[in-house]
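Trainee: Need a 3D model of the following:
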Amino acid sequence: MTRHPAPTLPRRAPRARPYRSPPNHLRVATRRPDPTPHHLATHELAPDELAPDKGVDMPAVPATHSADVLVIGWGLAGLVAASEAVAAGKRVVIVDQEPRSNLGGQAWWSFGGLFFVDSPEQRRMGIKDSLELARQDWFGNAGFDRDEDAWPKRWAEAYLQFAHEEKRSWLREKGVRFFPVVGWAERGGYTATGPGNSVPRFHITWGTGPGIVAPFQSDVEAAETQGRITILPRHKVTSLTVTGGVVTGAEGDVLAPSGAARGYASSREVVGSFAVTAGATIVSSGGIGGNHELVRKWWPERLGTAPQTMVTGVPAYVDGSMQEVSSAAGANLINGDRMWHYVEGIQNWDPVWPDHGIRILPGPSSVWLDATGQRLPVPLFPGFDTLGTLAHLRATGHDHSWFVLSQKIIEKEFTLSGSEQNPDLTGKDVKLLAKSRLGKGAAGPVQAFMDRGADFIVRDDLDDLIAGMKALPGGEVLDGDRVRFEVEARDREIDNDFTKDAQIAMLRSARSYRGDKLIRTANPHRILDPACGPLIAVKLHVLTRKSLGGIETDLSARALGAGGQPIPGLFAAGEASGFGGGGVHGYRALEGTFVGGCLFSGRTAGRAAAAAV
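Mentor: Numbers count the residues shown, from 1 in each chain. Here you go, the predicted model:
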């Protein structure tokens, strides 16, 4: 696959409120020794940036290893599985194709959102949730309708029980804490049995992605120090070893040493080979979101045609390479056409991986227009139905859409997904948190995109805003008169407490929830009110993210063959298994369920693999 470097974006002078640099533990992922160009796809760490005592990863010697349990992939699911296996007294080998700087995988970059059911945080916010309501939402959202959904449905039932009962207490025992305000993602807007969360369930980890990775990474590294776990970076699995119908380990290539910083693309130069023999092998290698060729290959007709241009929400190593390897060993891959991509993607002005995109986590107030200026239909408002919006926009024939909003809205409602875009939560900085979430002005990372991002237009009047929108690539299809018509019509509906505009009615309903009123939903106002300005337009792209299908597994995370029988010695977890069963989400996710799916499936696989050897 040909990869193109992320564009070099123009840099403008920052506004009065500067972006605060990330906390120290994030800087290894963002520092670049000047004058390294920001568009380079690969960044090599300077010697003083390498982790102490680790140095640059060298090919393992000897090239043959043995263990009770082999874990392929050191993302969150892999770390959880390895920590569970070693806790059961097993010897573990972990292999990954990347340099050690990437330990923790995609989860490290995540916002750390977790789906809980009837949590103390929900109850303190006045939210009445229950297992029955969560099951109604999950199955209404998932739309299970295939014969191969048998195991995914069982995983869904098991995961709901986990999210309702043990999940929170298990994480708290490991030192994980949660932001007290519960977010309302995927609001739905249909009937009670349709897609979406009936109540807020999105719990943000205090420390975001790095905070959820930390306890499991600590367990693994402690076991490594004790000689119970061997970690082999730059080891790319090319085949699973099958002996008499039993998976007995893996073989592959040793890649050239690399000092690439976290998230940066690393070389695929082969310098040797390796083999690992193991009583049980766990595939936890992630999905396909970094591989646009595979995304387009599996893109389903129900979502329209695949975009010609997309931005990428995960590092390049999320390439789906273990799918074919697992299939060759007999694993049954199901639901490959189910995937989860966002429609609120923006080009990262400070990219790490190729075509690096960031997702806006919007509140519900922005006016959403397609590429021509037509307002999206009910209930496709910001934050309501990700895949419904994606399907609608793919039918327009254009790869982008627009938010139009005011400064008052962006200050209250815009959050950017990702650990590096939330230095307050990631760094556990209470003072910065209060300033960025409750103070005047946009949060620092958001302001940085307003000042430097290629997709942001900030103007004082609507004519200038429309002219700025038209000047961006693709802007020639925008009907400026339609934009004005839509925004002015929406604004007329604000004057009364009652309205026929469903989005405005939803805004007023949302503010009845304390969390939305406090930090997520602006007081309804005219977007064109000069007192609420300036005006802002944001060009939005499709952003690749998650695979919802994968290796079919039973409730013990055992990989199943095409005939439905477990493959002896082979297990799967995380995104490689569709977060459990080969597709625990069905067609759609309720959010906060990807990190949680890695936790649950990794824990299940680690315990089951340990019990099997």
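Trainee: what does the lowest-mean-pLDDT helix or strand in the chain contact?
Mentor: The element with the least model confidence among the helices and strands of the chain, by mean pLDDT, DSSP states H and E, is helix 430-438, at a mean of 90. In this structure, residues lying in contact with helix 430-438 by C-beta atoms under 8 Å, 6 or more residues apart in numbering are 20, 423-425, 443-444, 519. For the C-beta atoms, the positions are set from N, CA and C on the backbone; glycine is no exception.
Trainee: now, which of those residues sits nearest Arg394?
Mentor: Taking C-beta to C-beta as the measure, Arg394 sits nearest to Ala443 out of the contacts of helix 430-438, at 30.7 Å.
Trainee: burial count for that closest one?
Mentor: Other residues within reach of Ala443, judged by other C-beta atoms under 10 Å, total 25.
Trainee: Skipping its backbone neighbours, what lies nearest it in space?
Mentor: Closest residue to Ala443 apart from its sequence neighbours, by C-beta to C-beta, 6 or more residues apart in numbering: Ser436 at 4.1 Å.
Trainee: what does Thr205 give?
Mentor: Thr205 sits nearest to Gly112 (C-beta to C-beta, 6+ apart), 3.3 Å away.
Trainee: burial measure for the residue nearest to Asp460 when sequence neighbours are not counted, as a count.
Mentor: For Asp460, the nearest residue in space outside its immediate sequence neighbours is Pro534; the separation is 5.1 Å by C-beta to C-beta, 6+ apart. Number of residues near Pro534 (other C-beta under 10 Å) recorded here: 16.
Trainee: hang on, isn't the residue nearest to Thr205 packed against Ile204?
Mentor: Yes. In this structure Gly112 lies within contact range of Ile204 using C-beta atoms under 8 Å: 6.1 Å.
Trainee: Overlap in contacts, those two.
Mentor: Between them, Gly112 and Ile204 share these contacting residues under C-beta under 8 Å, 6+ apart: Leu425.
Trainee: neighbour count winner among those two?
Mentor: For Gly112 versus Ile204, neighbours defined as other C-beta under 10 Å are more numerous around Gly112 (28 against 22).
Trainee: who touches the more buried one in this structure?
Mentor: Taking C-beta under 8 Å, 6+ apart, one finds 204-205, 207-209, 211-212, 419, 425, 595 in contact with Gly112.
Trainee: Leu240 and Glu324 touch, don't they?
Mentor: No. Contact between Leu240 and Glu324 fails when scored by C-beta under 8 Å: they sit 10.9 Å apart.
Trainee: Which of those two has more residues huddled nearby?
Mentor: Neighbour tally, Leu240 and Glu324, criterion other C-beta under 10 Å: the higher count belongs to Leu240, 27 against 12.
Trainee: does that one sit in a helix or strand, and which one?
Mentor: Assignment of secondary structure by DSSP states H and E places Leu240 within strand 235-243.
Trainee: do the same with Val93
Mentor: Applying DSSP H and E as the criterion places Val93 in strand 92-95.
Trainee: Does that strand pack against any helices or strands, and if so which?
Mentor: For strand 92-95, the elements it packs on are strand 64-72, helix 76-87, strand 229-232, strand 270-283, judged by 3 or more C-beta pairs under 8 Å, 6 or more residues apart in numbering; DSSP states H and E.
Trainee: Tell me how far the residue nearest to Ala443 lies from Lys412.
Mentor: Here the criterion is C-beta to C-beta, to the nearest Å. By it, Ser436 lies 12 Å from Lys412.
Trainee: so where is the protein shaky, pLDDT-wise?
Mentor: Low-confidence segments of the chain, defined by pLDDT under 70: 1-62.
Trainee: What is the burial count for the spatially closest residue to Gly279 that is not a sequence neighbour?
Mentor: Spatially, and ignoring its direct neighbours in sequence, Gly279 is nearest to Val613 (3.2 Å; C-beta to C-beta, 6+ apart). Val613 is flanked by 15 other residues according to other C-beta under 10 Å.
Trainee: okay but Val613 is in contact with Val69, surely?
Mentor: Yes. Using C-beta under 8 Å as the test, Val613 is close enough to Val69 to be in contact (6.6 Å).
Trainee: Go through stretch 500-509 and flag the buried ones.
Mentor: Of the residues in stretch 500-509, those buried by neighbour count under the rule 16 or more other C-beta atoms under 10 Å are 501, 503-504, 506-507.
Trainee: So which of those is the closest to Ala250?
Mentor: Comparing the buried residues of stretch 500-509 against Ala250 with C-beta to C-beta picks out Met506 as the nearest, at 50.2 Å.
Trainee: That closest one and Ser365, how far apart?
Mentor: 9 Å.
Trainee: And for Gly175?
Mentor: Separation of Gly175 from Ser365 (C-beta to C-beta): 36 Å.
Trainee: same thing with Val584?
Mentor: For Val584, the distance to Ser365 equals 32 Å [C-beta to C-beta].
Trainee: Put together JSON lines for the buried residues of stretch 500-509, with distance to Gly578 on each row.
Mentor: Below are these laid out as JSON lines (distance: C-beta to C-beta, whole Å):
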{"residue": "Asp501", "distance to Gly578": "38"}
{"residue": "Gln503", "distance to Gly578": "33"}
{"residue": "Ile504", "distance to Gly578": "38"}
{"residue": "Met506", "distance to Gly578": "31"}
{"residue": "Leu507", "distance to Gly578": "35"}
